[in-house]
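*Asks:* how would this look folded up:
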Amino acid sequence: METIRIRIGKRRRRRRGPALLFSLLLIIGFIIGGSIIWMTSKPNTTHVKPDYGSPFALFYQGQRLDQDAIMDGDELKLPLKALKQVLGENGPIRYESASGSIILTTSDHVLRMKTDELTATLNRKPYELRVTAEKRDKDVYLPVAPLTQLYGLQVEYKPDSGTVTLLQAGDAADRGKPTNPAKGAAIRTKASIRAPIVEQVEGTSLIRIWKMEPSNPKWYIAQGPDGAVGYVRATEINQAAAETVPMPDKPKPFVAPKLEGGLLNLTWEAVYDNPTVTSKIGPMPGVSVVSPTWFELQNGSGEIKSKASAKYVQWAHARGMQVWALFSNGFEPERTTKALATVETRFKMIQQLLAFAQLYDLQGINIDFENVNLSDKANLVQFMRELTPLLHEQGLVVSIDVSPKSTSPTWSMFLDRKSLGKIVDYMMLMAYDEHWATSPEAGSVASLSWTEESIARILEEDDVPANKLVLSMPLYTRLWTEKDDKVSSKAIGMQKAADIVKEHKLKPVLDEEAGQRYVEYVEDGAKQRIWLEDDYSIKARIALMHKYGLAGVATWQRAFQAESIWTTIDQTLKATNHKK
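*Replies:* Below is the predicted model of the structure:
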C-alpha cells in the first residue's frame, strides 16, 4: 500500500511589531498629554506667605513703591520720596536739608517742622507731634498724623501681609466679592492659576480691584482684606460697590473783598523817593484798587524796605478804593536767590508783609518779582505757597505779576505760571514792553495781536483760570527817535503823547496790524515815531479782556494817565458782552 505523504508547511506569522509599538506609544502619549492637561488646568492650592522684602512694604493703587515705611513705636513714618510719588514731585511737601526743615502747604495751612523735633508750627502757632520726622538712609521720614490732617491721606497697615497701603483723598477703587462665597477667591503671586496663593478671600469679604492686568485681561491686580497684593481671576469675583477715599473737611474758601462792579479795575501807583501827594490826584471813576509800589527786598537776608504811607491808605479808603501794596525784589537776581533759598528767609519776608498789612490796614499784597534767575523757579513757587495761606488768614488778597511768555530765562521762563495760577487769587499779565526801551527797532509797546497772543498762551498752555487772569495795560508809550541808522526811545505818558500830536499838528493814522493809532514827524533831522496809547487802544484791549472772560484790568501806572482815560476804562468795563 502506497503511503501518501502530505507536506504541511509552517503558518506564516503576521509581522505586528511596529504597529503594536506605535499603538502603545500613542496610548502612552495620550496618558501623558492628559496628565499634563489635567495638571496644568488644576489650580495650585499651595499657600505662601507674602514676601515683599519688607515688613512695611508701601503700595499705592496696587503698585509697589520704591521705598518702605518705618515704624517708631506704634507710629508709622512715610518716606518723602514715596510721598512725592503719590502727591507729585513738585507737590506740597518741601524738605530743606541744610536746616532739616520740612514744610507742608495747603490752600489754607503752612506746617513747618524739623527733623528730630516734636514741636512744629501750623500757621505760626505751636503744633505738637506725637513722633518726630527723621532722616534715615538718605531719606526723610514723616509722621502720618499731619499728612492725614492736611491732605486726607489714609494709611492702612496690615501686619499679616506686611503691607502699608496709601490712599489719597478722592481716589476711587472698584471692589468685588467672591463669585462663590463657599469656595472664595484666590489672590495669587502671578496672573496664573498655577501660581501659589498669597491670600484666600472667603465668604463675602471685599477685595479691592486696582486695575486689569495689562498683559492678561482675564485677571485683575487686586488687594485682599489682609492687605496682600496680587492677581485674581475675573471669573472668581463679582463687582461690588466702588470705594472712594473721603476728602478732608474743606475750609471755607478765601473770598476776596467785594469789588465795585465785579471786574477788577486796578492801577499801580509808582512811588519813588518822595511820598505820593494825594491832593494832586484827580478823580479816577471806576478804579476799585490802587497798588502803591511801597515794599522792596533790601538784601538776601529777607529784610524789606518800606515806603508805606498811612495817609495814602486813608485817602484811598475815603474814595472807596482798596489798597494792595506791591512787594518788589528790586529786579536784583542774586539778592532774590538768597532771599528765596531758605524757609527762614522766606518766612522773614512773610512776617514783615503780614505786619505791614496790619499796620497800614491793607486789603492785599501784589508780588512783583522780575529779573529772577531761572534756577529760582521752584523757590518762587514755594514762597507763594507759604505766603498765600498766611495772607489769606489775615483777610488779604494775593496777586502776582507775570510777563508774557518768551524765551528769556530771567524775564519769563523763571515763572511757573501753571503752579502760580493754582495758588494766587489774581495773576496780573503785564502785557507791555513788546518793544522795550533799548529795542533795536521801533514799535508798539503792546500791539493788539501780541496782547491777544499773550493772553491766549497763558490760558491755554498754563491752564490759568480766566477768572484769575488780569490784563495789565500800559498808560505809557515810547517816543522813538531814528537817526543815522540808530534807534533810541524814551517813555512818555498818554497826556504827553497827546500834547506832541497837538503841538506838531499831526494827524494820527490807524496801524491796523498794531491795533493802534500812529504818528510820525521829523525833528532836528531825526524821525520821531509814536504808537499812541489812547481811548482807541485801551478800548480794543478791554474788548479782549471781555472776549476771554478775564477777571478785569490793571494799568501801569497812574501818573502816565490822561485824565479822561478812567471814564473810558470804567464805561468799557461795564459793557454787557463779557464772556462768562
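
*Asks:* Need the mean per-residue confidence for stretch 297-308.
*Replies:* Per-residue pLDDT values over stretch 297-308 give a mean of 98.

*Asks:* now stretch 101-110
*Replies:* Computed over stretch 101-110, the mean pLDDT rounds to 97.

*Asks:* cool, and stretch 446-457?
*Replies:* For stretch 446-457, mean pLDDT rounds to 98.

*Asks:* Following element in sequence after the helix or strand hosting residue 83, please.
*Replies:* Residue 83 is part of helix 80-87, with elements assigned from DSSP states H and E. Using DSSP H and E, the helix or strand that follows helix 80-87 towards the C-terminus is strand 93-96.

*Asks:* now that next one: mean pLDDT?
*Replies:* pLDDT averaged over strand 93-96 gives 97.

*Asks:* Mean pLDDT per helix and strand in this structure: which one sits at the bottom?
*Replies:* One helix or strand of the chain scores below all others by mean pLDDT, DSSP states H and E: helix 17-41, with a mean of 66.

*Asks:* circling back to that earlier point, hey, C-alpha coordinates of the helix holding residue 83 in PDB?
*Replies:* Output in PDB follows, covering the C-alpha atoms of helix 80-87 (Å, rounded to 0.1, in the frame of the first residue of the first chain):
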ATOM      1  CA  LEU A  80       9.400 111.600  51.500                       C
ATOM      2  CA  LYS A  81      10.400 110.100  48.200                       C
ATOM      3  CA  ALA A  82       7.300 107.800  48.200                       C
ATOM      4  CA  LEU A  83       5.100 110.700  49.200                       C
ATOM      5  CA  LYS A  84       6.400 112.600  46.200                       C
ATOM      6  CA  GLN A  85       5.500 109.700  44.000                       C
ATOM      7  CA  VAL A  86       1.900 109.900  45.300                       C
ATOM      8  CA  LEU A  87       1.400 113.700  45.800                       C
END
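
*Asks:* what does it rub up against?
*Replies:* 58, 60, 65-67, 69, 91, 93, 95, 102, 139-142, 147, 151, 153, 166, 168 (CB atoms under 8 Å, 6 or more residues apart in numbering). Using the backbone N, CA and C atoms, a C-beta is placed for each residue, glycine as well.

*Asks:* give the contact list for residue 338.
*Replies:* 299-301, 345.

*Asks:* rerun that using 7 Å as the cut-off
*Replies:* Residues near residue 338 by CB atoms under 7 Å, 6 or more residues apart in numbering: 300, 345.

*Asks:* any low-confidence regions in the stretch 451-580 of the chain?
*Replies:* Applying pLDDT under 70 to the stretch 451-580 of the chain flags residues 576.

*Asks:* so where do the strands sit in it?
*Replies:* Along the stretch 451-580 of the chain, counting by DSSP state E, counting those that start in this stretch, strands occupy 469-474, 476-483, 486-493, 509-511, 516-523, 526-531, 552-556.

*Asks:* Turn the ones you listed into a markdown table, including distance to residue 446 and mean neighbour count.
*Replies:* Shown next, in a markdown table, are the strands of the stretch 451-580 of the chain (distance: least, CB to CB, whole Å; neighbours: other CB atoms under 10 Å):
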| stretch | distance to residue 446 | mean neighbour count |
| --- | --- | --- |
| strand 469-474 | 6 | 25 |
| strand 476-483 | 9 | 19 |
| strand 486-493 | 13 | 15 |
| strand 509-511 | 12 | 13 |
| strand 516-523 | 9 | 16 |
| strand 526-531 | 9 | 20 |
| strand 552-556 | 10 | 24 |
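
*Asks:* So which of the ones you listed is nearest residue 134?
*Replies:* strand 469-474 (42.6 Å; CB to CB).

*Asks:* Remind me what that closest one packs against, helices and strands.
*Replies:* Strand 469-474 is packed against strand 426-430, helix 448-461, helix 535-547, strand 552-556, with contacts defined by 3 or more CB pairs under 7 Å, 6 or more residues apart in numbering; DSSP states H and E.

*Asks:* Fine by me, we can end here.
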